[in-house]
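**Student:** need coordinates for the following:
(one chain, ligands or ions: 1)
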Amino acid sequence: MPPTQPVLSSVKISPRGTARLKDGHVWVYRSDILSAEDVLPGSLVRVTDHRGKPLGTALYSSSSQIAIRMLSREMPSHDPVTDFPALLRQRIADAIAYREPLVHNTEAYRVVFSEADFLPVLIVDRYGDILSLQILTQAMDAGPVRQAILDELTARLHPASIIERVDPRVRELETLPPRASGLLQGEKSGTTFTMNSVQFRFDALEGQKTGAFLDQRENYAASAQYAKGEALDVFCYQGGFALHLAPRCSRVTAVDSSRPALEVADQNAALNHQLLNDKEIEWIEANAFDLLKDYSSSDHHYDTIVLDPPAFAKTKRDLDAALRGYKELNLRALKMLRPGGLLVTCSCSYHVSQSSFLEMLASAAVDAHRTLRLLEVRGQAKDHPVLLNVPETSYLKCVLAHVS
Ligand code: SAH
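**Tutor:** Numbers count the residues shown, from 1 in each chain. Below you'll find the predicted structure:
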C-alpha cells in the first residue's frame, strides 16, 4: 500500500522572506513568519507566501531565529516531501556519492555538511571506521528521524561505531531535552587515521569541534608544497599544519594555549616518527598574541609561518575587532618572516569575507614594509561544499603568500 500523504501544517511568510527564498537561500528568519498556527516544534511544514502560494516544504523550529529551513522547493521537477525519513536516507546516499570523486588520500572527511548537502543542520564526520554526528535542530532529533539517519549511514559506510557529539548550548536554544555526548552504536571510541600520509589520533569523546579540523585537509597539503626552513605553526591545536610541514622543514615550532591539544599533538608526532625522520617538533603552551609580540621584538626569524586562529568574529558586530586581531597577528608574522618566506594565514570567521581578509593582509604588508605575492587563495576542503546562494556555507579562508 502506498504511504498515505500526511497533511502538513502551513507557515505563511512575508514578502521579504519569499524574496530571500527566490534568491536561492534556504532559510527564513522568525521575523519573516506571518503565521504558524498549530505548527508543532520540529515538524515538517508547507511554506507559502503571504497570499498562500506554495513555496515548498521545510523543517520548522519553534525556538531558533532561523525558523524555516527549506528541504524542497515547489517546482515541477520536485515531488512534494511525503516521507521525511526516506528523503533523508536518499540525501545521505547522495552526500556519500558526491564525495566519491572528490575526496582522496584520507580516511577522515566530512560525510554530511548540513545545508550544503541539503540536510539542514546534520553534520557527519568520518574518522576511519568511526562516525561522529551532530544533530542541531528539533526536526532531526525525533526518534524515527534519528533511526533513519543511523540506518542509512550504517548501510552505506559500515562503521564500527557511531558517536553523537552534543552541544548542550544548541540543545537548550532549540528547547530540546538535555542529552549527553556518547556512543549511539558500537563500542569503539578511538582510532588512528591517515590523512595525506600523516597519521593522527582520534578520540571521539574528547577534543574540540568534531575531533579534527577536517576543513583544512587540502590546505595542509597545499602548504606542505611550499614550506621550507624553520617553521612556526601558531594556533596549532593537535598539530595539523605542523605535522604536514615537518617533513619539508628543518625545524618546526608550534604554539597553542591548550595543553590537552598539545598532548595529542605530541602523541601524533610520535605516530609519525618515520615520516618525520625522528625530527622533533617543539610544542609550546602559550598565548599566541603574547608569544608573537615577544618573538617579533626579540629577533626571532622564520622561513614559514602558519596562522590559524579560532574565529574572532562570532557575530557581525565583532567584525572590526576581529579585523584588528587578524591584522596584529599577520603584522607580527610578516616582520618575522625571512625574505623568500611563506605565510599561510587563515580565518574561519564567516563574517570576515575573503575580500576584507585580503584587504587586512594588504594593509599589514604595508605596515610591515613587506611585499606579498599570492601563491594561492583557498577555502575549505571539498568535503565541506559551498552552496553558492547560501553564503553562510562558506567560511574558511586560507591564503598562501610568498613574502619579500
Ligand atoms: N591549526 C589547527 C586548528 C586551530 S583551531 C589545525 O589545523 O588543527 C584554533 C586553536 O587556537 C585551538 O587549538 C585553540 O586552543 C587555540 N587558541 C585559542 N586562543 C588562543 C590563544 N590566545 N593563544 C594560543 N592558542 C589559542
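**Student:** so who does the residue of the stretch 151-300 of the chain found nearest the ligand touch?
**Tutor:** Ranked by C-beta to the nearest ligand atom, the top residue of the stretch 151-300 of the chain for proximity to the ligand is Gly240, at 2.9 Å. For glycine as for every other residue, the C-beta is placed from the backbone atoms N, C-alpha and C. Contact analysis of Gly240 by C-beta atoms under 8 Å, 6 or more residues apart in numbering lists Phe200, Ala212, Phe213, Gln216, Tyr220, Asp308.
**Student:** for Ala58, same thing?
**Tutor:** So Ala58 contacts Val11, Val28, Leu44, Val45, Arg46, Val47, Ile68, Arg69, Met70, Leu71 (C-beta under 8 Å, 6+ apart).
**Student:** and it, what element?
**Tutor:** strand 54-60 (DSSP states H and E).
**Student:** that strand pairs with which strands, and in what direction?
**Tutor:** Here strand 54-60 has these sheet partners by DSSP bridges: strand 44-48 (antiparallel), strand 66-73 (antiparallel).
**Student:** tabulate those strands in CSV, adding columns for distance to Ala224, mean neighbour count and mean pLDDT.
**Tutor:** Shown next, in CSV, are the strands paired with strand 54-60 (distance: least, C-beta to C-beta, whole Å; neighbours: other C-beta atoms under 10 Å; pLDDT from 0 to 100):
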stretch, distance to Ala224, mean neighbour count, mean pLDDT
strand 44-48, 46, 21, 94
strand 66-73, 38, 20, 94
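**Student:** and the residue in the stretch 301-404 of the chain that the ligand sits nearest to, how many neighbours does it have?
**Tutor:** Closest approach between the stretch 301-404 of the chain and the ligand, counting by C-beta to the nearest ligand atom: Asp308, at 3.5 Å. For Asp308, the neighbour count with other C-beta atoms under 10 Å is 23.
**Student:** over to Leu176?
**Tutor:** Neighbour count of Leu176, defined by other C-beta under 10 Å: 21.
**Student:** let's see the pLDDT reported for it.
**Tutor:** pLDDT, Leu176: 88.
**Student:** how about it, nearest residue that isn't a chain neighbour?
**Tutor:** Asp141 (5.6 Å; C-beta to C-beta, 6 or more residues apart in numbering).
**Student:** next helix or strand past the helix or strand of the chain with the lowest mean pLDDT?
**Tutor:** Of the helices and strands making up the chain, the lowest-confidence element is helix 168-173, at a mean of 87, by mean pLDDT, DSSP states H and E. As assigned by DSSP H and E, the chain's next helix or strand after helix 168-173 is strand 182-185.
**Student:** can I get the helix or strand following that next one in PDB, CA atoms only?
**Tutor:** Heading C-terminal from strand 182-185, the first helix or strand you meet, by DSSP H and E, is strand 190-195. Written as PDB, here are the backbone C-alpha positions of strand 190-195 (Å, rounded to 0.1, in the frame of the first residue of the first chain):
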ATOM      1  CA  GLY A 190      39.100   5.900  19.500                       C
ATOM      2  CA  THR A 191      41.200   5.200  16.400                       C
ATOM      3  CA  THR A 192      44.200   6.300  14.400                       C
ATOM      4  CA  PHE A 193      43.500   7.700  10.900                       C
ATOM      5  CA  THR A 194      45.700   8.700   8.000                       C
ATOM      6  CA  MET A 195      45.300  12.000   6.100                       C
END
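**Student:** which parts of this protein sit against the ligand?
**Tutor:** Neighbours of the ligand within the chain, by C-beta under 6 Å from any ligand atom: 213, 216, 235-238, 240-241, 256-258, 261, 287-289, 308-310.
**Student:** give me the mean pLDDT for the helix ranked longest in the chain.
**Tutor:** Longest helix of the chain, by residue count under DSSP state H: helix 319-336. Here helix 319-336 scores 96 as its mean pLDDT.
**Student:** how close does the residue nearest to Leu176 get to the ligand?
**Tutor:** Taking C-beta to the nearest ligand atom, to the nearest Å as the measure, Asp141 falls 28 Å from the ligand.
**Student:** which non-adjacent residue is nearest the residue nearest the centre of the chain?
**Tutor:** Using C-alpha atoms, centre = their mean, the residue of the chain that lies closest to the mean C-alpha position is Asp215, 5.6 Å off. Closest residue in space to Asp215, ignoring its immediate chain neighbours: Gln380 at 4.1 Å, by C-beta to C-beta, 6+ apart.
**Student:** surely that neighbour is within a helix?
**Tutor:** No: under DSSP: H, G, I helix; E, B strand; the rest coil, Gln380 sits outside any helix and is assigned coil.
**Student:** I'd guessed it sits against Val386; true?
**Tutor:** Yes: with contacts counted by C-beta atoms under 8 Å, Gln380 reaches Val386, the gap being 7.3 Å.
**Student:** pLDDT weak spots in the stretch 201-350 of the chain?
**Tutor:** 206-210 (pLDDT under 70).
**Student:** buried ones among the residues of the chain next to the ligand?
**Tutor:** Applying 16 or more other C-beta atoms under 10 Å to these, the neighbour count classes 213, 216, 235-238, 240-241, 256-258, 261, 288, 308-309 as buried.
**Student:** no further questions, thank you.
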